[in-house]
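Undergrad: A structural model of the following input is requested.
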Amino acid sequence: MMKRTVIYGGSFDPVHKGHENIINNLADRFDEVLVVPTYISPFKAGNKTASPKLRIKMLKSCEFKPNVKISTFEVRRNKCSYSIDTVRHFSSPNRKLYFAIGSEGARTLDKWFMADELKKLCEFYVIPRPGYDKTIVEGLTYADFVGMDVSSSEVKAAVAFGKHDTLVNAAVASIIDKNELYRDYKKFTDTYPLFDMKSERIEHTYRATVEGIKLAKRYDVNIDDCIIALIMHDIGKYVTEEKLEKMGIHVSCESLPPPCRHAEYGAEICSKYFGLKKEIVEAVRTHTTCGMNMDALAEIVALADYIEPARKFVGIDEVRAAAAIDLGLAIEKMLGNTIKYLQRYNKYIVPITIDVYRKYAEKNKGKFELWKSKK
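TA: You can find the predicted model right below:
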């Protein structure tokens, strides 16, 4: 009898609750689940990562069902592996092979190495994830369950806030802590006390960072830049100009109303204290008033700050719906809401905000019907 075998590969860097949920769901639907951690993923080469030994240790710490097997095939090759190599390795006359991928993988499948050959050797099994395009790609099989909305990038960001134990099991959290893994972003959050960040603002920053990661994945924006920019976006919220001056950080923004000045403070902290690159600095600078030449990173930072889950006010659900379809449309709706709010309470509106709103409104004229059809 032919065995229905599904390959589930990935960096598992680290293994999180979303991975565990997917693997156990696959175990309920297939005779055999082969979990294959990569040595170095072709799409992640150059990123800091846990060692193969530690990632396998994380996988083995999980409570999987008996038909789940952890393979060290790609790790043992000690070099960059492609999916075609793995599929060929596990192909056999007594196996009907499936290859599990996420929604984001389905939309980039044609970019995979030897994608056409892969399609001949295995059947792709797509696991939908919340928030991704629901367009069905012909020729692929779709799972009857939805994966959890968790990513390894979120875990790495969570480490900086001491919240990773909510996204990984206790054993994995212990491995992360014991081996001091994924601490790249802690150098930023560790300075929060220096800049007088309040606990409630830190909580907001964490939620915005997680939201930004989801947007960055959806729109193929550099996730590392996004995480850093959002960790830093409110770093100037409570620090005074006097304190910044003493630190050698000069800021001149008297033309801005006080509620908007923290973005300028934050941008100068990013530039002068941390030496961050221009794209991150400008994303922090424009996240409140917005700017005429915002790139996708800056748009995501502004939106994530605005639509993070704890925000509740009139019009926000419309902005969230637009953000799932088009960044520019979401920026327009966000700015429209902001301007209406400021007008309602007779508050000062920074001229650049009105100019940016008009620019996006003009650019988006043809997008409204598309947005309405997908609401």
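
Undergrad: surely Tyr192 is in contact with Gly236?
TA: No: applying C-beta atoms under 8 Å, one finds Tyr192 not in contact with Gly236, separated by 11.5 Å. (Each C-beta comes from the backbone N, C-alpha and C, glycine too.)

Undergrad: how about the most centrally placed residue in the chain, secondary structure?
TA: The centroid of the chain falls nearest to Ile213 when counting by C-alpha atoms, centre = their mean (2.1 Å). Classification of Ile213 using DSSP: H, G, I helix; E, B strand; the rest coil returns helix.

Undergrad: not counting sequence-adjacent ones, nearest residue to it?
TA: Excluding the flanking residues, the one nearest Ile213 by C-beta to C-beta, 6 or more residues apart in numbering is Ser153, at 5.0 Å.

Undergrad: which stretch of helix or strand covers the one you found?
TA: Taking DSSP states H and E as the criterion, the element that holds Ser153 is helix 152-161.

Undergrad: what are the contacting residues of that helix?
TA: Here helix 152-161 makes contact (C-beta atoms under 8 Å, 6 or more residues apart in numbering) with 11-14, 16, 164, 166-168, 176, 181-186, 188-189, 202, 205-206, 209-210, 213, 217, 223, 227, 231.

Undergrad: what residues sit buried inside it?
TA: Neighbour-count burial for helix 152-161, counted by 16 or more other C-beta atoms under 10 Å, picks out Ser152, Ser153, Glu154, Val155, Lys156, Ala157, Ala158, Val159, Ala160, Phe161.

Undergrad: quick one: name whatever helix or strand follows it.
TA: Note on helix 152-161: by DSSP H and E, the next helix or strand toward the C-terminus is helix 170-178.

Undergrad: average pLDDT across the helix or strand following that following helix?
TA: Proceeding C-terminally, helix 170-178 gives way to helix 186-189 as the next helix or strand, assigned by DSSP H and E. Averaging pLDDT along helix 186-189 gives 97.

Undergrad: before we move on, what about stretch 70-88?
TA: Stretch 70-88 shows a mean pLDDT of 92.

Undergrad: what comes up buried for it?
TA: Buried, per 16+ other C-beta under 10 Å, within stretch 70-88: Ile70, Ser71, Phe73, Glu74, Val75, Ser81, Tyr82, Ser83, Ile84, Thr86, Val87.

Undergrad: so which of those residues are in helices?
TA: Cross-referencing the buried residues of stretch 70-88 against helices under DSSP state H gives Phe73, Glu74, Val75, Ser83, Ile84, Thr86, Val87.

Undergrad: so how far is Ser152 from the fifth one?
TA: Read that as Ile84. Relative to Ser152, Ile84 is positioned 23 Å away (C-beta to C-beta, to the nearest Å).

Undergrad: and for the second one?
TA: In this structure, Glu74 and Ser152 are 17 Å apart, going by C-beta to C-beta.

Undergrad: check the third one too.
TA: Taking C-beta to C-beta as the measure, Val75 falls 17 Å from Ser152.

Undergrad: which residue ranges form the strands in this protein?
TA: 3-10, 32-37, 68-70, 95-102, 123-127, 141-142 (DSSP state E).

Undergrad: out of those strands, flag the one nearest Gly275.
TA: strand 3-10 (33.1 Å; C-beta to C-beta).

Undergrad: name the helices or strands packed onto that closest one?
TA: Using 3 or more C-beta pairs under 8 Å, 6 or more residues apart in numbering; DSSP states H and E as the contact test, the elements touching strand 3-10 are helix 17-29, strand 32-37, helix 83-90, strand 95-102.

Undergrad: what angle do helix 152-161 and it make with each other?
TA: Interaxial angle, strand 3-10 versus helix 152-161 (axes from the mean of the first three to the mean of the last three C-alpha atoms, to 10 degrees): 40 degrees.

Undergrad: buried ones in strand 3-10?
TA: Within strand 3-10, the residues that count as buried by 16+ other C-beta under 10 Å are Thr5, Val6, Ile7, Tyr8, Gly9, Gly10.

Undergrad: which strand residues bridge the first one?
TA: The residues listed as beta-bridge partners of Thr5 by DSSP bridges are Glu32, Leu97.

Undergrad: isn't Arg55 right up against Val15?
TA: Yes: contact between Arg55 and Val15 holds when scored by C-beta under 8 Å: they sit 7.1 Å apart.

Undergrad: which one's more surrounded, the two?
TA: Val15 (30 against 24; other C-beta atoms under 10 Å).

Undergrad: list the contacts of the closest residue to that one other than its chain neighbours.
TA: The spatial neighbour of Val15 that comes closest, neighbours along the chain excluded (C-beta to C-beta, 6+ apart), is Met58 at 4.1 Å. Contacts for Met58 (C-beta under 8 Å, 6+ apart) come out as Phe12, Pro14, Val15, Ala50, Ala171, Val172, Ile175.
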